[in-house]
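Enquirer: I need the structure of the sequence given here:
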Amino acid sequence: MNNRPVPELQTDPEFDELIQPREEKYLEELEENIFDHGCREPVCVWNGIILDGRLRYKICTKWDIHFNIRRIMFESRDKAVSFICHEQLKRTDLTGEYKKYLIGRLFRADMNTASDEFMKNHPDTELNADGQVSQKYVRKTDIATIIGNEFNFGFSTVTKYDIYARAVDDLKRKSPEIAEKILNGKLRVSHENIIELSRLPIEDINGLKRLLDSGSIDRIGYSQLRHELRWQRLPTGKPDSRRIKREKESAEAGIKQMPATDPDAELESLKFTIPSWSKTISRTMELTDFPSTSVNARREVKMQLLNLTRKITRLLSQLEEDDPDDRRTDSRTNATGH
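Expert: Sure thing, here's the model as predicted:
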């Protein structure tokens with residue numbers, strides 16, 4: 001065993017969130033291996049904080065086993081985050097969700113690093129309205145392409161995962177438990193629904209958590225979610241027999257499907273999805289360097305937008321035909337001759 005003093009190292013909550021938890025079997029095998037053969041891999045440390053090797057450190061301190069330390073010099077936390085993401089992405093046991101999250105966090109860290117380095121060399125450069133370095137100087141597509149080439153993704157997929165990671169982080173602030181279930185693959189939610197879920201008010205998130213705690217569901221559909229939370233929301237105060245019965249039925253049945261009698265379900269879903277379309281279009285207009293884009297890419301987007309415009313026009317027409325307030329307005333307009 002080790003007669004040398006064991007250095008006291010720290011962990012960091014932000015860094016810990018980048019590490020997918022290991023299975024119990026892996027932990028047992030790792031502890032047995034280190035106990036029998038010693039710690040062969042160093043613990044990587046930055047400013048006294050463990051970046052890689054938390055489990056090795058824990059086992060070595062538990063059994064008083066010697067281990068080596070590899071001290072890494074980084075100028076910023078973003079570079080430390082980038083290092084952790086690269087190390088974690090080497091793992092073969094990552095869930096698909098954790099891999100997307102790590103790619104997104106890696107992109108964000110590398111963008112921040114590139115921006116910081118640009119400003120260090122060009123301190124007089126004015127930032128844009130959002131307080132960021134302009135796309136003229138630090139292009140997202142360049143950073144995304146580098147990461148995409150390394151991990152076999154297209155640059156657009158990398159930027160998509162950036163949006164995904166930001167949505168997961170927003171959700172973490174409201175419900176760490178739900179975010180953890182999603183990342184660990186215990187709760188299935190699509191990319192689009194993750195974004196919409198992250199925008200829900202915290203009271204809806206808490207309502208969802210109560211449903212998940214019953215353990216009866218493992219997948220969330222957004223339109224279903226919005227309806228079920230409204231349908232099952234219960235009054236506060238002392239529970240009565242009807243409330244208890246409803247809670248019991250909900251826990252036993254889970255979220256199976258929307259009641260077929262709800263005529264507003266699809267419109268409710270659309271109402272909460274449209275703002276994300278609008279935000280995406282605004283972000284594209286702001287961040288895209290259109291002169292540098294390909295003719296084919298512009299043509300494909302134009303065709304999709306024209307198709308969407310036709311469908312929006314048809315939907316507006318349908319909504320106007322079925323709106324009694326609009327019909328009354330039209331009648332009054334015709335009566336007055338205006």
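
Enquirer: Now the one helix or strand Leu319 maps to: average pLDDT?
Expert: Using DSSP states H and E, Leu319 sits within helix 295-321. The average pLDDT for helix 295-321 rounds to 84.

Enquirer: ditto for stretch 51-60
Expert: Here stretch 51-60 scores 97 as its mean pLDDT.

Enquirer: which other residues reach that stretch?
Expert: With contacts defined as CB atoms under 8 Å, 6 or more residues apart in numbering, stretch 51-60 is touched by 2, 6, 9, 11, 15-16, 19, 22, 27, 30-31, 34-35, 39, 41-45, 50, 65-67, 72, 80, 83-84, 87. C-beta here means a position set from N, CA and C on the backbone, and glycine is covered the same way.

Enquirer: Following element in sequence after the helix or strand of the chain with the lowest mean pLDDT, please.
Expert: When each helix and strand of the chain is scored by mean pLDDT, DSSP states H and E, helix 241-253 comes last, with a mean of 48. The C-terminal neighbour of helix 241-253 among helices and strands, as given by DSSP H and E, is helix 265-287.

Enquirer: helices or strands up against that following helix?
Expert: For helix 265-287, the contact count by 3 or more CB pairs under 8 Å, 6 or more residues apart in numbering; DSSP states H and E identifies helix 191-198, helix 222-232 as packing neighbours.

Enquirer: Extract the C-alpha trace of it and format it as PDB.
Expert: C-alpha atoms of helix 265-287 as PDB (Å, rounded to 0.1, in the frame of the first residue of the first chain):
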ATOM      1  CA  ALA A 265     -55.200  18.800 -28.900                       C
ATOM      2  CA  GLU A 266     -53.500  19.300 -32.300                       C
ATOM      3  CA  LEU A 267     -54.100  23.000 -32.300                       C
ATOM      4  CA  GLU A 268     -52.600  23.300 -28.800                       C
ATOM      5  CA  SER A 269     -49.600  21.400 -29.900                       C
ATOM      6  CA  LEU A 270     -49.100  23.600 -33.000                       C
ATOM      7  CA  LYS A 271     -49.600  26.700 -30.900                       C
ATOM      8  CA  PHE A 272     -46.600  25.800 -28.700                       C
ATOM      9  CA  THR A 273     -44.500  24.600 -31.600                       C
ATOM     10  CA  ILE A 274     -44.800  27.600 -33.900                       C
ATOM     11  CA  PRO A 275     -42.600  29.900 -31.700                       C
ATOM     12  CA  SER A 276     -39.700  27.500 -32.100                       C
ATOM     13  CA  TRP A 277     -40.100  27.800 -35.900                       C
ATOM     14  CA  SER A 278     -40.100  31.500 -35.700                       C
ATOM     15  CA  LYS A 279     -37.000  31.600 -33.400                       C
ATOM     16  CA  THR A 280     -35.100  29.200 -35.700                       C
ATOM     17  CA  ILE A 281     -35.900  31.300 -38.800                       C
ATOM     18  CA  SER A 282     -34.800  34.500 -37.000                       C
ATOM     19  CA  ARG A 283     -31.600  32.900 -35.800                       C
ATOM     20  CA  THR A 284     -30.800  31.600 -39.300                       C
ATOM     21  CA  MET A 285     -31.400  35.100 -40.800                       C
ATOM     22  CA  GLU A 286     -29.100  36.600 -38.100                       C
ATOM     23  CA  LEU A 287     -26.200  34.100 -38.200                       C
END
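
Enquirer: Only alpha carbons, please: show the strand or helix carrying Glu203 as PDB.
Expert: Glu203 belongs to helix 202-213 when elements are defined using DSSP H and E. Listed next in PDB are the C-alpha coordinates belonging to helix 202-213 (Å, rounded to 0.1, in the frame of the first residue of the first chain):
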ATOM      1  CA  ILE A 202     -41.500  25.200 -13.800                       C
ATOM      2  CA  GLU A 203     -45.000  24.300 -12.500                       C
ATOM      3  CA  ASP A 204     -45.600  22.100 -15.600                       C
ATOM      4  CA  ILE A 205     -42.200  20.500 -15.200                       C
ATOM      5  CA  ASN A 206     -43.100  19.700 -11.600                       C
ATOM      6  CA  GLY A 207     -46.400  18.200 -12.700                       C
ATOM      7  CA  LEU A 208     -44.500  16.100 -15.200                       C
ATOM      8  CA  LYS A 209     -42.100  14.900 -12.500                       C
ATOM      9  CA  ARG A 210     -44.900  13.700 -10.400                       C
ATOM     10  CA  LEU A 211     -46.200  11.600 -13.300                       C
ATOM     11  CA  LEU A 212     -42.700  10.200 -14.000                       C
ATOM     12  CA  ASP A 213     -42.200   9.300 -10.300                       C
END
